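Whatever this is, show me its structure:
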Amino acid sequence: MESQLMQYVGVLMLFVIAVGAIGGMLLLAALLGKRGGQSAIKNTAYECGMIPTGSGSPRFSVKFYLVAMLFILFDIEVVFLYPWSVVYRELLAEPALRAAALGAMLSFLGILFVGYLYAVKKRAFDWRS
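Have a look, this model is predicted:
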């Protein structure tokens, strides 16, 4: 039992060193950061040499997020399509799996294509309007 606990001594030491280093850096930043006099202009955000105007986070249309989610959806399609295409040659060697593999991928692509047509019909990709 004791030998099993001794295996974790290195992890505990690493944890203590990490917490100590973080605490030391925060303490030094708090002590040394107060010394330098900072004006209000030095604390403003720097944006290409221009004085910032307005809020830092503008509001985006919901259509923008819809286009982003659709992009992720069709990106995931490629994630599923790539491994299937890699092993498709091996699946062709087995006659029992040949039709099943092709049918599964065609049904997957068909469902995604119907979703794509629906998004086009609803003008989901036109996020400017």
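
roughly how far apart are residue 119 and residue 57?
Per Cβ to Cβ, to the nearest Å, residue 119 is found 27 Å from residue 57. Glycine gets a C-beta too; all of them are placed from N, C-alpha and C.

More neighbours: the two, which one.
residue 119 (16 against 6; other Cβ atoms under 10 Å).

Got phi/psi on the more buried one?
phi -70, psi -40 (degrees, to the nearest 10).

if you skip the residues just before and after it, what's nearest to it?
Nearest residue to residue 119, sequence neighbours excluded (Cβ to Cβ, 6 or more residues apart in numbering): residue 70, at 5.8 Å.

Count residues in the vicinity of that neighbour, would you?
Counted with other Cβ under 10 Å, residues neighbouring residue 70 total 16.

which residues does it contact?
119, 124-125 (Cβ atoms under 8 Å, 6 or more residues apart in numbering).

okay if I get those as TSV plus pLDDT and distance to residue 91?
Below are those laid out as TSV (pLDDT from 0 to 100; distance: Cβ to Cβ, whole Å):
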residue	pLDDT	distance to residue 91
119	85	31
124	80	34
125	77	34
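
Surely residue 103 is within a helix?
Yes. Counting by DSSP: H, G, I helix; E, B strand; the rest coil, residue 103 is part of a helix.

gap between it and residue 17?
Using Cβ to Cβ, we find residue 103 at a distance of 57 Å from residue 17.

list the buried ones in the helix or strand hosting residue 114?
Residue 114 is part of helix 95-121 when elements are defined by DSSP states H and E. Applying a neighbour-count criterion of 16 or more other Cβ atoms under 10 Å, one finds 101, 105, 112, 116, 119 buried in helix 95-121.

State whether the last one and residue 113 are indeed in contact, as I suppose.
To tie it back to what came earlier, the one meant is residue 119. No. Taking contacts as Cβ atoms under 8 Å, residue 119 lies outside contact range of residue 113: 10.6 Å.

In this structure, which helix is the longest?
helix 62-93 (DSSP state H).

That'll do, ta.
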